[in-house]
Each structure stands twice: as C-alpha cells, then as structure tokens.
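Undergrad: Attaching a predicted model along with its sequence, questions to come.
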There are 2 protein chains.
Amino acid sequence: MSRFSPMPSPPYYAVIFSNQMGEDSSGYGAMSDLMASISADQEGYIGVESTRDTEGFGITVSYWESEEAITQWRENAKHLAAQMKGKMTWYDHYQLRVAKIERQYQGPDGR
Amino acid sequence: MSRFSPMPSPPYYAVIFSNQMGEDSSGYGAMSDLMASISADQEGYIGVESTRDTEGFGITVSYWESEEAITQWRENAKHLAAQMKGKMTWYDHYQLRVAKIERQYQGPDGR
C-alpha cells in the first residue's frame, strides 16, 4: 500500500499535524487506528501521509476536498479523543495548521 | 533545540515534501545539511519540521513568509541538487505541495 496520498488538482486542503510523543503511549495505537478509520470514512477525505522517527517526533498530513470536510472531521476526531484519553495527552506538544494546497508536483523526473 | 517551527500569524506558506528514500543514500546527509543551511539563510524563511521513520518514509514541511521566498529558495535548491547528485536520485518517489496556511493552533490545552 502506498505511503503517499493522491494528488487531485488544486485547490484542496491539508491539515499539517506535527507532534512530539510523550513517554506514555499506552492506548495510542488503538486511537491512531480508529482515527485513520474515521478519517477514511469521512466525506471529502482524499488521503493521509504520516511518519514518526525513533525520537517520537511525528508529522501527519491529511488531505481534504474542502474546509467543510475538515470541520466535520475535527468534530468527529474531538469526540473520539474525548472518549479515549482526554485532551490528546499522548503528546508533549503538537502544532496543527490548516492550509490550502495551491500547486504541486511529484518526481523524480528524468530517471 | 525545538523540532517545531515558529507559528507567525497566518497567512503564510508551507512546502510539504513527502518522500520515500531509496536504498542508495550516499551523500544524502551532506546534501540535507547544506539544504537546511541555505534554507535558514533564505529571505522569508520561518522554520522547518522534518521526520523520517525506519522504513525511509520522510516528511519535511518548511514554512515561508511569501510565495516569492519559496520561488527563490527553489531556484537555490535546484542549483544545489544539480551540483550534488542530479535529479534527487536519493528518492524512489517524492511529492511536493505548496500550500497557504490559513489557521492554526497548538497544544495540548488544559494540562
């Protein structure tokens, strides 16, 4: 299965979630799997790209057709997080940015 | 040193670079260090967040004050890549998206 998200024609939207995992990751895997599942079922979902290094620093970028889809997903995600372990206490810190994709390309070219 | 980028007031810009490293990573570390160095010196640079897992899947998001800064940086980066090892042959595949940050928050709240 590809680690890359599809690239529809811009404009579309990205949620860039960078985060530092704390020491207590109990329950994180289950939450992460569930989050991926509800994302994929969400209207307007395009795809996700996610990675984390051995120091626990992770970046997840999810891609969406519209801002409305992000808003709806956020509501669902908040409910899920609330059910599972309060206010994202897995993370020492996180930053979330919503962005509009304007242009793109992929490669490598010429190989 | 923080792994997180500063968060100035939107709007500002992001370059989302997701990539799968190939088997031959010779010279990559030197290129990566040089790229970080020229980025940080570039007019309009805000910061960068970057991580890669043990399977070689990486995401680097760099943040910029304007599209002009990205264009200038891209020209410099292309020159550097050309000098070092042709057309980014370290990567099996990469996707690059330019996006405008519209809103953001950080957390966790309420801890």
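TA: The structure has been received and is ready for your questions. Numbers count the residues shown, from 1 in each chain, chains lettered A, B, ... in the order given.

Undergrad: going forward, measure contacts and count neighbours with C-alpha atoms only.
TA: Noted.

Undergrad: Output the contacting helices and strands for the helix or strand hosting residue A:46.
TA: Using DSSP states H and E, residue A:46 maps to strand A:45-52. Counting contacts by 3 or more Cα pairs under 8 Å, 6 or more residues apart in numbering or on different chains; DSSP states H and E, strand A:45-52 is packed against helix A:28-41, strand A:57-64, strand B:45-52, strand B:57-64.

Undergrad: got the CA positions of it in CSV?
TA: In CSV, the C-alpha atoms belonging to strand A:45-52 read as follows (Å, rounded to 0.1, in the frame of the first residue of the first chain):
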residue,chain,number,x,y,z
TYR,A,45,-11.3,12.7,2.6
ILE,A,46,-8.5,12.4,0.0
GLY,A,47,-5.7,10.7,1.8
VAL,A,48,-3.0,10.9,4.5
GLU,A,49,0.8,10.8,4.8
SER,A,50,2.3,10.1,8.1
THR,A,51,5.7,9.2,9.6
ARG,A,52,7.5,9.3,13.0
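
Undergrad: Show me what the least confident helix or strand in chain A by mean pLDDT is packed against.
TA: Every helix and strand of chain A was ranked by mean pLDDT, DSSP states H and E. The lowest is helix A:67-85, at a mean of 81. Packing partners of helix A:67-85 (3+ Cα pairs under 8 Å, 6+ apart): helix A:28-41.

Undergrad: near chain B, which residues of chain A?
TA: For chain A, the contact set with chain B under Cα under 8 Å from any Cα of the partner chain comprises A:3-4, A:14, A:18, A:49-54, A:57-59, A:87-89, A:91-110.

Undergrad: Spit out the contact partners of the nearest residue to residue A:21 once chain neighbours are set aside.
TA: Spatial nearest neighbour of residue A:21, chain neighbours left out: residue A:91 (4.5 Å); criterion: Cα to Cα, 6 or more residues apart in numbering or on different chains. Residue A:91 makes contact with A:19, A:20, A:21, A:22, B:108 under the criterion Cα atoms under 8 Å, 6 or more residues apart in numbering or on different chains.

Undergrad: List just the nearest of those to residue A:77.
TA: residue B:108 (14.6 Å; Cα to Cα).
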